[in-house]
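[1] Coordinates for the following, if possible.
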Amino acid sequence: MTELSQFDDDERALILNTPGVVLKGAIVSDGSTSPLVFLKEVTAGARAFKQAHRHENAFVKSVALALKERPADEDSELPVTEEAMPEALKLAREVAVLLREQADPEDAAAYTAWLVHLATEVAAAVKSRSGGLFSKKVAINDGERRFIEDLEHALQA
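    Next up is the predicted model:
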């Protein structure tokens, strides 16, 4: 089993920072500036983090618990620009490479699947109309779908 302690400080920071950045990328991927939408998406993200405290994979569970115990970052900014998406994809690519090189394959796969799950939960938190006023509501709009697909590709790169 992979342990967080086997990584140096920079590597551990990458592992622990990536889920939050993916959360921010997923939040801005819908293009909405509505405070209500933002609140629903943040709530969905928080629920996904809490569920990870009981994750079946011990490595993912240890990451989620380490995030819970980690002090809040006072410099943390809310995702207000689309810059969160490229940053999330960059970190996802880096963490995937790191885990493929240094973690058990099962743990690497579980962690990357958890990142996709997190983004999907946030994206599905609010239904939106994709084709205008008279179109039906969809759980995941085109921007969110592109972000999730790009995230999956980044994690496989």
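[2] So residue 37 sits against residue 122, correct?
    No - in this structure residue 37 lies outside contact range of residue 122 using C-beta atoms under 8 Å: 10.6 Å. Yep, even glycine has a C-beta here, placed from its N, CA and C like the rest.
[3] Who has more neighbours out of these two?
    Legend: neighbour count by other C-beta atoms under 10 Å for residue 37 and residue 122, higher for residue 122 (30 against 16).
[4] pretty sure residue 147 contacts residue 118?
    No - the pair residue 147 and residue 118 does not pass the contact test of C-beta under 8 Å, sitting 11.7 Å apart.
[5] okay, and the common contacts of the two?
    residue 26 (C-beta atoms under 8 Å, 6 or more residues apart in numbering).
[6] what comes up buried for the host helix or strand of residue 27?
    Per DSSP states H and E: residue 27 is located in helix 9-28. Judged by neighbour count using 16 or more other C-beta atoms under 10 Å, the buried positions of helix 9-28 are 11, 14-28.
[7] So for it, mean pLDDT?
    Per-region confidence: helix 9-28 scores 95 on mean pLDDT.
[8] The helix or strand just after it - contacts with which helices or strands?
    Downstream of helix 9-28, the next assigned helix or strand under DSSP H and E is helix 35-52. Helix 35-52 is packed against helix 9-28, helix 58-69, helix 105-123, with contacts defined by 3 or more C-beta pairs under 8 Å, 6 or more residues apart in numbering; DSSP states H and E.
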